[in-house]
Every structure is written in C-alpha cells, then in structure tokens.
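Visitor: give me a model of this one.
(2 chains)
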Amino acid sequence: MIEEPYRWVEAIANRREYIEAQLAPGSPIASLGYRDGILFLTVGQTRQKIFEIYDRIAMGAIGHPGDIERLRMAAIELASTEGFTRSATDVSLRRLVHYSLSPVMKSAFEQVYGPPYLARMLFAEVGEQPEEDLFLRVEYDGEIAANGATYAQARQDFAALSGTQQSRELMEAFLASQHAPDANLESALNSALDAWSIGHMTLQTSDAKEPPERSAVRKHRQEQLANAGIEAAVLERDAGRAIRYRSLSDSKLRPLIRD
Amino acid sequence: MDRSPVAFDQNFSGAAGDFPVLLRRKGLLAPAAANPLPQAGTPEKTWQPTEATTILAFKFSGGVLVAGDRRATAGNTVVYDRADKVLEIDRHSIMAIAGVPATAWEMARVLEHSFQYFRRTQLQEMSVDGKVRALSKLLRDNFGFVMQGVGVVVPIFATYDSHPKPEARLYFYDAMGAQFEVTDYAATGSGSPAVRGILYYENNWGAKPLQELGEDEAVSIALRALDTAAESDTSTGGVDRSGKIYPLIKIVSREGITTLPESKIAAVFKETVA
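Guide: Below you'll find the predicted structure:
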C-alpha cells in the first residue's frame, strides 16, 4: 500500500488528521515565567497533567495517558541518569528534548505501521534569571517550538499548550499582550487562568480569529472554577535548594484569584 | 532512547521506581558483588576492614542531632582534615558514614537519586520504611566487596517521618545491611565505643535524658563525645584546636535539615568543652 511515495505522504497526512482529532478536546495548559519562577496551570483534576521531571524541569502534557506516561518516564530516566553520572547542572532541557525525545517521536510518527505517540508536551526549565527560562513545546511528530526570539517573534516569557492550534495561538496572543515577566505569583496566576479560559472557550469554535470578550472570559472562568479544581505547580527560581518543583494545591490558590 | 517501553518492564516486575535497577540496566552501577568463596591456602583474612572515623547521632528535644569528625585516614596517615561524613540525602534524611569514603559517597549519591527518582516516577514520596530498606539493600549488594576486603561502609540513617505520626527516626546498620532502629542514640566508627559509653551515661545518669536536651546542651554533649573519642582513637579528628576545624553537626527536625554554622559550634565549644 505505501510502497509508492505519494501513498506514504497520504498515510502520514491521514495519521496527522487522526492524531489532531484525538488531541483536540485536550484541556489547555498555560506556563508563565514570573519573577520568582515558572508557573504551570490547568483546570480540571481528572488525571494529573503537570509533572516534575528533574530539579529544574517540569512538564505538562495532553494526549493519551499511556503515551504521556511512556514519554514522561523516558524523560525522567534520561535526566536522572545524566544527573547521576555527571551532575545536576549538566541536565539540560534543550539536550533532553532535541537529542532524545524529538527523534524518537518523529520516527514513531513516520513509521506508519507502528503506533505514533498521541501526546503533545510542554517542557519548561527555570533559569537563574527570567531571561534564561526555557520553554519547549514538543508535538507528536517531534516538532519543537521554543520561546526564544526569532526574526518573526520576540522572546516569550510564557508558553501554551492546547488541543487545537487556533486555541493555542489565541492563548499566546493574550499572554503576549497581558503578561509581564516581572509579575508576582498572584498576577501570573490570574493571567494563567484567563489564558486557560480563552484556550478552553475557543477549543470548540472553528474560526475565532479574535480572543473572546473580557467579560465573557471572566464569566467562563467563574463557571469552570465553580465546579473544577485547579492543578498547578511552580519551578522556583530561588537557588536556596536544588529541587525547584513544588505543586500548588487548589485551596492555596483560591484566595489569590481576583474576580 | 529505546522505543521499547522500559517503564513497562519496570512497572510489571515490581521494581517500579527502583533507581539502582535502572542504573544497572544502563551499565552505570556495578552489579552486586558475589561473596568470594574461601580458597584453600589463602589466609582467612588478609586485610582488616576498618571504619576509621567517629559518627554519632541522638534524639533530643529539637529532633535528631547527627555529628561526625572531619578526619579521613589511610592506614596511619591523615589524608584529609575537612572530610564531610554527614551527608544530606533529601530534605528530611541524613546518612552519616563510617567506612571507605569512595563506596560511602557513591552509596549516598545512589540513595539521593533513588528517592528523587521514586518520587518523580511514582508521583508519591517514598515512605521512611522504603528509604531505610533502600539503604539496607545497597549495603547488602556491597557485601561481596566487603568480604574481599574493600569498601566496608557502616552508616547511620536519621530522618523525620510524618506518617503516621510526626516523629524523628534513627537507624544504624551493620556492614551486611541489617538495620536497627534505636530509641535514643547510635554511634559507629573506630571511635564509637567511647562515644557509646558517654551517650549511655548521659542518657541514664546525666543532668537529663538525651531526649529532653535543648539544642545547645545537645551540641555540647556531641562535641564532648567526639573530643573523648579523638583522645584515644587516632582515626578520629575531634576538634582541631589550632586549625579551628570543628566537627560537622546537622539537625533533622520536622522543618527539615539545619547545618549548624561553624561560629555556633565554636561558641558552644569555647564555653563548655575547651
């Protein structure tokens, strides 16, 4: 069937369409660099979506839980053995993603007789300074998007992950205009909740070019938070101790929400 | 990275989250040494394993105090006078080591990574019993080397348990990996007989039992005990009065681990020991 090149291209295109459809309902995750670290946030607690990978690295993921688990395990194994044989400072997110995860995901995606990874991941590594924070989004086909400055885009102090490209882009547009990298945790939390709401609202709509009205976002946010729990974690910038990851409980965050 | 799901093997073999297993699979940790069989014609013991150091730990009102001298020796030679034998394994656990430093530090490193690895992969903290057992297993795996005359390690493990009720826990081990939980105090190393005598005496007939001591009183007793050990044991550094090198003292409490600053130890030493 796929001996002919164009058949292979067709198979890949079908596979892409299938995976996109599987990932489309995924609840968004927002990740924001702020003064004291990096905040990861999503709403809904049916299963954990934000994970500690290593001392300075965290991961958020949407997709099939089995695939997320295999990728998460691989990332932890790689980081842990690197940290053990060399040192914790030699564990680098850039190397982990570029040289280990991405090639594996790409080949799984392109070998059309084998199963691809149904997962989309967002990694962040906290730096000494906010300018050193690194965000990497890894797609199911191994594609990597980073937060660094390019000719087309200014450096971003945030990253977003969502079920659809449109939803993610609206979240990013919101964060680019509303989020300041020197924000405190309270501001970052509220920006993250707004970004999540925008992402969540625009998952279903097919042609939203503009983000929803501010009042609509607030309303959606209140409705969702009335029922669902917040899942959040931070990577602390404080160099006082090696392990920077700390999960934040829903009850600790509720008082910080501004309506 | 291997596409074959390593996590799959692990989670089904009952070794979920076992870091030493991962290291051995990747060839990064020596396999457990086999115990050598005694051979005809070789003397029973060619080399006497020594634990040239003094480590002590006891519970006091503020948690567990763990103290160690700073001297590292090779035979009769002092090779280092600022050795760190009281090692932090995680936020609430300390491993204090007597024995061969290379093996001991490697063990501490494996242990530290094991606890982190377990938490990250299994998404829950390893229990205190699990941690105590992990160290025991490392010692057991090392026993073949001990029998070959290299790499004996006899540690103390101090930690703070929050489940089921918050309390400090203290263990000592033998070289084969047997663990013993103690209620009051533990000491290992070549200078430990003297220390054990002092702690037994203080606990029973001192001004008050060890568990009721305040921090300064506890530090004072630890310094006196190490100084006493150094008096007769050449392998124990005690307090270097001329070089101003003091023992290393750490305290494990509910809040975590505190390393006492040298200035504080120096002050207590000057007031109550010197």
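
Visitor: hey, let's count contacts and neighbours off CA atoms from now on
Guide: OK.

Visitor: show me the shaky parts of chain A.
Guide: In the predicted model, chain A carries pLDDT under 70 at residues A:1-2, A:239.

Visitor: which of the helices or strands spans the residue of the stretch 51-200 of chain B at minimum distance from chain A?
Guide: Relative to chain A, the nearest point of the stretch 51-200 of chain B is B:Arg120 (6.0 Å; CA to the nearest CA). Assigned by DSSP states H and E, B:Arg120 falls within helix B:101-122.

Visitor: before we move on, the earlier item: partner residues bridging the residue lying closest to the residue of the stretch 51-200 of chain B closest to chain A once chain neighbours are set aside?
Guide: Among residues not flanking B:Arg120 along the chain, A:Glu52 sits closest, at 6.0 Å (CA to CA, 6 or more residues apart in numbering or on different chains). Partner residues in beta bridges with A:Glu52, using DSSP bridges, are A:Ala58.

Visitor: for A:Glu52, what are its contacts?
Guide: By CA atoms under 8 Å, 6 or more residues apart in numbering or on different chains, the contact list for A:Glu52 reads A:58-59, A:245, B:120.

Visitor: all strands of the chain, in order?
Guide: Reading this off chain A. Assigned by DSSP state E, chain A shows strands spanning A:29-34, A:37-43, A:50-54, A:57-63, A:119-125, A:134-138, A:144-146, A:158-161, A:230-236, A:245-248.

Visitor: think we crossed wires, I meant chain B
Guide: Secondary structure of chain B (DSSP E): strands located at B:55-60, B:63-68, B:72-74, B:77-80, B:86-90, B:93-96, B:156-161, B:167-173, B:179-182, B:185-188, B:248-253, B:256-259.

Visitor: and the last one, anywhere near chain A?
Guide: No - where contact is defined by CA under 8 Å from any CA of the partner chain, no part of strand B:256-259 touches chain A; the two come within 11.6 Å at best.

Visitor: in that strand, what's buried?
Guide: Going by neighbour count (16 or more other CA atoms under 10 Å in any protein chain shown), the buried part of strand B:256-259 is B:Ile257.

Visitor: show me what that strand is packed against.
Guide: Under the contact criterion of 3 or more CA pairs under 8 Å, 6 or more residues apart in numbering or on different chains; DSSP states H and E, strand B:256-259 touches strand B:248-253.

Visitor: for the strand it packs on, give the mean pLDDT please.
Guide: When pLDDT is averaged along strand B:248-253, the result is 96.

Visitor: same question for stretch B:31-48.
Guide: Mean pLDDT, stretch B:31-48: 60.

Visitor: got it, and stretch B:145-155?
Guide: 85.

Visitor: please identify the deepest-packed of the strands of chain A.
Guide: Counting by mean count of other CA atoms under 10 Å in any protein chain shown, strand A:29-34 has the highest mean neighbour count of these, with a mean of 30.

Visitor: which residues touch stretch A:137-154?
Guide: Here stretch A:137-154 makes contact (CA under 8 Å, 6+ apart) with A:97-98, A:101-110, A:116-123, A:134-136, A:155-159, A:161.

Visitor: need the contact list for A:Ile57.
Guide: A:93, A:123-126, A:235, A:245.
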